[in-house]
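Trainee: here's a sequence, model it:
(one chain, ligands or ions: 1)
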Amino acid sequence: MSSRLLSFVGRTGRRRLMSTAIKLTTVEVNDKTGIATLTMCRPPVNGQNLELLLDIKSSINEIKNNNSRGLIITSASPKVFSAGLDILEMYKPDQQRLRAVWTELQNVWCDLYGISVPTAAAINGHAPAGGCLLATACEYRVMVPNCIIGLNETQLGIIAPKWLVSGYLNILPKRVAERALTQGRLFTTDEALQEGLIDEIANSKEEAVDKCVAFIGTFAKVNPVARALTKQQFRADNLRQFHKEREQDVDDFLSLVNRPEVQKGIGIYLEGLKKKANKQ
Ligand SMILES: CCCC/C=C/CC(=O)SCCNC(=O)CCNC(=O)[C@H](O)C(C)(C)COP(=O)(O)OP(=O)(O)OC[C@H]1O[C@@H](n2cnc3c(N)ncnc32)[C@H](O)[C@@H]1OP(=O)(O)O
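Mentor: The predicted structure follows:
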């Protein structure tokens with residue numbers, strides 16, 4: 001949970017500052033199914049800044065500890081699942097905060113990738129970069145039409161590290177993944193279905209969530225411990241590798257982002273996003 005200072009005029013007429021907890025995610029557990037839905041709520045695009053990442057991590061941990069039967073991740077934004085890392089965190093960054101942002105992105109990924117209960121993403125909007133990372137950490141993906149999903153880091157002049165790519169590689173054939181990553185390709189919903197990057201298309205967020213519930217329901221008669229250990233067997237190598245490299249990875253990320261040519265590229269990219277938004 002992140003906190004924000006709100007200013008208001010009290011009865012004495014004096015302006016007071018109050019620290020108010022602002023939730024950037026919500027967790028709702030369905031009483032009938034026992035499935036938890038984690039909703040990201042950082043308008044307009046669920047840009048993954050430090051506070052959102054901390055909130056996602058704490059919500060995943062809440063779900064881990066509340067005996068939920070499954071986890072569905074989705075977004076409160078009508079058009080965007082998540083636009084990935086908040087680019088403002090990477091542009092002219094505060095070094096300590098940038099380190100914390102990348103560490104928390106790592107934490108969110110390994111918690112979501114490694115959680116034992118079944119996971120599914122109801123991708124109710126665009127999911128580039130870090131949005132795709134969250135979706136591909138899950139076991140199942142349902143997406144609404146006419147959106148984009150993929151790892152476009154090379155378009156920003158940055159390289160997605162191995163752990164960030166490993167979810168992609170669990171899903172896509174190596175050849176498709178290599179080409180998509182080197183191109184920084186963003187797949188449309190139809191292309192993503194064709195390549196197997198998503199499992200189903202749904203016409204609305206509600207339908208996407210229902211399909212995720214149905215997927216998680218397929219495990220109803222499977223022993224949960226056997227299921228969890230089997231999932232772990234498939235994911236343990238990637239997680240082991242990640243833990244070996246995670247500290248070096250933070251250093252690499254910082255030195256890459258701080259390179260003058262990368263800063264210049266991010267600045268131009270941000271400018272392009274702003275221009276596009278102003279035209280709409
Ligand atoms: C070792 C290094 C590895 C680094 C790895 C990094 C992983 C990452 O996640 S990098 C982030 C990459 N993300 C993107 O490239 C996505 C950029 N955004 C978009 O393509 C589009 O915004 C969208 C397709 C997600 C949504 O399009 P839509 O038309 O609905 O919204 P917009 O008008 O474009 O945006 C609204 C508003 O939000 C700002 N914004 C969008 N994305 C980001 C972002 N990732 N970070 C910060 N801000 C973002 C955009 O500038 C608009 O702002 P204003 O209204 O203030 O102009």
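
Trainee: and residue 99, what does it touch?
Mentor: Applying C-beta atoms under 8 Å, 6 or more residues apart in numbering, we find residue 99 in contact with 250, 254. (C-beta placed from N, C-alpha, C; glycine too.)

Trainee: my guess is it is in a strand, correct?
Mentor: No. Applying DSSP: H, G, I helix; E, B strand; the rest coil, one finds residue 99 to be helix, outside a strand.

Trainee: how confident was the prediction at it?
Mentor: For residue 99, the pLDDT comes out at 98.

Trainee: distance check, it against residue 268.
Mentor: 24 Å (C-beta to C-beta, to the nearest Å).

Trainee: which residues in the stretch 151-280 of the chain form strands?
Mentor: Along the stretch 151-280 of the chain, counting by DSSP state E, counting those that start in this stretch, strands occupy 187-188, 200-201.

Trainee: quick one: distance of the first one to the chain centre.
Mentor: Averaged C-alpha coordinates place strand 187-188 at 17 Å from its chain's average position (C-alpha atoms, centre = their mean, to the nearest Å).

Trainee: anything in that strand sitting right up against the ligand?
Mentor: No. Using C-beta under 6 Å from any ligand atom, strand 187-188 never reaches the ligand; the gap is at least 11.6 Å.

Trainee: quickly run through the sheet partners of that strand, with directions.
Mentor: Strand 187-188 pairs in its sheet with strand 148-150 (antiparallel), by DSSP bridges.

Trainee: contacts for the partner strand, please.
Mentor: Contacts to strand 148-150, defined as C-beta under 8 Å, 6+ apart, come from residues 123, 126-129, 131-132, 135, 143, 180, 184-189, 192, 197-198.

Trainee: ok, residue 60 - contacts?
Mentor: Residue 60 touches 38, 71, 108, 111-112, 115, counting by C-beta under 8 Å, 6+ apart.

Trainee: check residue 130 too.
Mentor: Applying C-beta under 8 Å, 6+ apart to residue 130 gives the contacts 48, 82-85, 105.

Trainee: got the residues of the chain near the ligand?
Mentor: By C-beta under 6 Å from any ligand atom, the residues of the chain that approach the ligand are 44-45, 47, 79-80, 83-88, 126, 128-130, 152-153, 158-161, 253, 256, 273-274, 276-277, 280.

Trainee: one more pass at 5 Å, please.
Mentor: 44-45, 47, 79-80, 83-87, 126, 128-130, 153, 158, 253, 273-274, 277 (C-beta under 5 Å from any ligand atom).

Trainee: return the distance of the closest residue to the ligand within the stretch 1-150 of the chain relative to residue 63.
Mentor: For the stretch 1-150 of the chain, the nearest residue to the ligand under the criterion C-beta to the nearest ligand atom is residue 84, separated by 2.6 Å. Counting by C-beta to C-beta, the gap from residue 84 to residue 63 is 22 Å.

Trainee: buried residues in stretch 165-174?
Mentor: By 16 or more other C-beta atoms under 10 Å, the buried positions in stretch 165-174 come out as 165-169, 171-172.
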